[in-house]
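Novice: pasting the sequence and the predicted model now:
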Amino acid sequence: MEHVLDILIKIQNLDHEIKDTKIQIDKIPNKIATLEKETESTKLALEEKQNRMQDIRKTYKIKEGDIAENDSKRSKLNSQTFAVKTNEEYRALINEIDYLKKANKKVEDEMINLLEEEEKLKNTIGKTEAESKEFVNKKADEISELKRNREELIKKLEQMKISFDEYFNKLPDDVTELYNKIKKVRGNVVCLIDNETCTGCYANLTLQFFNELKKKEEILLCDNCGRILIYAVPNE
Ligand SMILES: [Zn+2]
């Protein structure tokens, strides 16, 4: 009988390990998804800065064009001032020239602001690029580590299932029947006991019952929860 009880302890331990391993395996895809999201948002943050940089350069070029256009308009108007016949015409030309001057001044101020922003952005992009590369590499390592880990756990799980079946098939038929019946209702079938309490339902056991358990002569069930109780010293 002690042999059967030992097998029951082994399959119970394997049952726990199989459950734990399944939980670990199931958690990994979520962990990977989180890391991938972190990687994605880091890349996006860098891209945003790079896009802004391109915008700045594009806008700067457009403004350069505006200035050149205004300048050529102005020099045309300037040459016209020599040909005007009346004071009114002259004043109108001068007003227009003034307006273009002011417009250019405004555009130039905007260009200075863009240059300042570009300068600041250049510094942060350099830093962000380095940090982002490091971060993305680190996360990629973590992801492949998790994938490797998952493969290992799946292999381990398969092996544990095989061992479980091997042990289970060694049990006498009446015991496997009993095992399956309890499993259906309770999940955990076997409780290891080292004092007068059922570790499955925390019911108190009588001293006499506990002494019977210690003898390991037969399969004993908890009166309260019906699980198989086996006497075992902790960490045995
Ligand atoms: Zn119990």
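Specialist: Yep, it's here.
Novice: list the contacts of the strand or helix carrying Glu177.
Specialist: Assigned by DSSP states H and E, Glu177 falls within helix 173-186. Under the contact criterion CB atoms under 8 Å, 6 or more residues apart in numbering, helix 173-186 has outside partners 4, 8, 11, 168, 171, 189, 200, 219, 221, 225-228. For glycine as for every other residue, the C-beta is placed from the backbone atoms N, C-alpha and C.
Novice: out of those, which two are the most distant from each other?
Specialist: Phe168 and Cys225 (21.4 Å; CB to CB).
Novice: may I have the phi/psi pair for the residue lying farthest from the centre of the chain?
Specialist: For the chain, the residue at maximal distance from the C-alpha centroid (CA atoms, centre = their mean) is Lys85, at 77.8 Å. Listed backbone geometry of Lys85 is phi -100, psi -30, with angles given as degrees, to the nearest 10.
Novice: tally up the residues packed near the closest residue to Asn224 other than its chain neighbours, please.
Specialist: The shortest distance from Asn224 to any non-neighbouring residue, by CB to CB, 6 or more residues apart in numbering, is to Ala203 (3.7 Å). Ala203 has 13 neighbouring residues, counting by other CB atoms under 10 Å.
Novice: repeat for Ile230
Specialist: Ile230 has 20 nearby residues by other CB under 10 Å.
Novice: isn't it right up against Leu213?
Specialist: Yes: with contacts counted by CB atoms under 8 Å, Ile230 reaches Leu213, the gap being 7.2 Å.
Novice: now the strands: where do they sit in this structure?
Specialist: Counting by DSSP state E, the chain has these strands, from start to end: 190-193, 220-221, 228-231.
Novice: mind listing what the last one pairs with, with the direction of each?
Specialist: Right, the one you point to is strand 228-231. According to DSSP bridges, strand 228-231 forms sheet pairs with strand 190-193 (parallel), strand 220-221 (antiparallel).
Novice: distance between it and the chain's centre?
Specialist: Relative to the chain's own centre, strand 228-231 is displaced by 42 Å; criterion: CA atoms, centre = their mean, to the nearest Å.
Novice: swap in stretch 66-78?
Specialist: The chain centre lies 57 Å from the centre of stretch 66-78; the measure is CA atoms, centre = their mean.
Novice: check stretch 84-104 too.
Specialist: Averaged C-alpha coordinates place stretch 84-104 at 65 Å from its chain's average position (CA atoms, centre = their mean).
Novice: within range of the ion, give me the residues from the chain.
Specialist: Selection of the chain residues close to the ion by CB under 5 Å from the ion yields 198, 200-201, 203, 222, 224-225.
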